[in-house]
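Chemist: Here's a sequence, model it:
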Amino acid sequence: MARKKKHPEHVNHERWLVSYADFITLLFAFFVVMFAASNSDQKKAGQVAQAVQTAFHDLAVFTPAGKVVPLYDQGGVPSNSQNVLGNAHSAFDKAQIVTPAGKPGEAGKILREVKNQLQVMLKDELAKNTVRITEDARGLTVSLAEAGFFGPGSAVMDPAALAVVERIAATLQPLPYNLRIEGHTDNIPIHTARFASNWELSTARSTYILQYLLNGKVPPQRMSAVGYGEYRPVASNDNAEGRATNRRVDVVILGESAQKLEPK
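Modeler: Predicted structure coming up:
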């Protein structure tokens, strides 16, 4: 019986086109999805990016001489921390805050912007003379009068006074500069069960505010507290008005010159 002759199998040399077509289809779908995501979530992505950048900046991950990645363009990604972080107290422009202070005079410019911001925000307290804002060679000083923030001989604030400190902290928190909390008294001696002298009272008040600011508001490495007692008066202690002015806690935002003298 004769065997059937086998015909050679036909080899298809174009099978690679099927895989190539599948790859092109998947690649096209990938770019369509990326394009759609970039348009729909551009604002949200910018908000997340700015929130991360702000957190890194406050934790000193970004050095003063480092570069800050721009987070906004004509697409409208917000530069205001109020929109990004839900901060209801500070409308200060984050784009100005996070600008490195390496250029001469940049720190002074930023502090002047902060001063204007605080003057608007604290206009009621300024009118009542419970808050004073001054600027000198050290930087910007926000003075909190005893009459508006502490009871006589006390180092504890009531909720209304803490609400004012909260608003101040919301403005100062994003700044890259160190803060020094300084307690002051008048020259009338004090001796109570808690405070043996004006030294203890002034120090307790400054550390009270420092502890409040440390509670998730200002990074600890940026702050210090000191009590001067009666020995740094800004007015005469010979009359009641002068003594009331001297009883205060100063929140000092150190400027460019003073910043250089800080311990590393």
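Chemist: Would you mind checking the average pLDDT for stretch 161-175?
Modeler: Averaged over stretch 161-175, pLDDT sits at 92.
Chemist: which residues of the stretch 1-150 of the chain score low on pLDDT?
Modeler: Applying pLDDT under 70 to the stretch 1-150 of the chain flags the ranges 1-16, 37-105.
Chemist: mind redoing it with 50?
Modeler: Filtered on pLDDT under 50, the stretch 1-150 of the chain yields the residue ranges 55-101.
Chemist: And the helices in the protein?
Modeler: 16-40, 42-58, 81-85, 94-97, 106-121, 123-127, 146-149, 159-172, 198-214, 240-246, 256-260 (DSSP state H).
Chemist: For H191, which of those is the nearest?
Modeler: helix 198-214 (9.7 Å; Cβ to Cβ). In short, each C-beta sits where N, CA and C put it, glycine included.
Chemist: Counting neighbours, which bits of that closest one end up buried?
Modeler: By neighbour count on 16 or more other Cβ atoms under 10 Å, the buried set for helix 198-214 is 198-210, 212-213.
Chemist: and what of stretch 174-191?
Modeler: Quick answer for stretch 174-191 (16+ other Cβ under 10 Å): 174-186, 190.
Chemist: rewinding a little: can you lay out the helices of the chain as JSON lines showing distance to G227?
Modeler: JSON lines is the format used below for the helices of the chain (distance: least, Cβ to Cβ, whole Å):
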{"stretch": "helix 16-40", "distance to G227": "55"}
{"stretch": "helix 42-58", "distance to G227": "27"}
{"stretch": "helix 81-85", "distance to G227": "32"}
{"stretch": "helix 94-97", "distance to G227": "30"}
{"stretch": "helix 106-121", "distance to G227": "24"}
{"stretch": "helix 123-127", "distance to G227": "23"}
{"stretch": "helix 146-149", "distance to G227": "14"}
{"stretch": "helix 159-172", "distance to G227": "18"}
{"stretch": "helix 198-214", "distance to G227": "3"}
{"stretch": "helix 240-246", "distance to G227": "13"}
{"stretch": "helix 256-260", "distance to G227": "19"}
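Chemist: quick revisit: which of the buried residues of stretch 174-191 sits closest to P159?
Modeler: Closest to P159, out of all of these and judged by Cβ to Cβ, is I181, at 19.7 Å.
Chemist: Do I have it right that that closest one meets M223?
Modeler: Yes. With contact defined as Cβ atoms under 8 Å, I181 reaches M223; the gap is 6.8 Å.
Chemist: what sits in contact with each of these two?
Modeler: Here I181 and M223 share the contacting residues L210, L213, scored by Cβ atoms under 8 Å, 6 or more residues apart in numbering.
Chemist: Looks like T130 contacts G148 (just checking).
Modeler: Yes. The criterion here is Cβ under 8 Å, and T130 meets it with G148 at 2.7 Å.
Chemist: Those two: who's more crowded?
Modeler: Between T130 and G148, T130 has the larger neighbour count (other Cβ atoms under 10 Å), namely 19 against 16.
Chemist: how much space between the more buried one and A145?
Modeler: Computed with Cβ to Cβ, to the nearest Å, the distance linking T130 and A145 is 5 Å.
Chemist: for L261, same thing?
Modeler: Taken as Cβ to Cβ, the span from L261 to A145 is 28 Å.
Chemist: Show me what counts as buried in stretch 153-169.
Modeler: S154, A155, M157, A161, V164, V165, R167, I168, A169.
Chemist: For the closest residue to L210 other than its chain neighbours, list each beta-bridge partner.
Modeler: Spatial nearest neighbour of L210, chain neighbours left out: A225 (4.2 Å); criterion: Cβ to Cβ, 6 or more residues apart in numbering. Beta-bridge partners recorded for A225 (DSSP bridges): I181.
Chemist: A225 and S206 touch, don't they?
Modeler: Yes. The criterion here is Cβ under 8 Å, and A225 meets it with S206 at 4.3 Å.
Chemist: Can you check which residues contact both of the two?
Modeler: With Cβ under 8 Å, 6+ apart, A225 and S206 have common neighbours I181, E182, G183.
Chemist: Reformat the residues you listed as TSV; add pLDDT and distance to R232.
Modeler: Below are the shared contacts of A225 and S206 laid out as TSV (pLDDT from 0 to 100; distance: Cβ to Cβ, whole Å):
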residue	pLDDT	distance to R232
I181	97	13
E182	98	7
G183	98	10
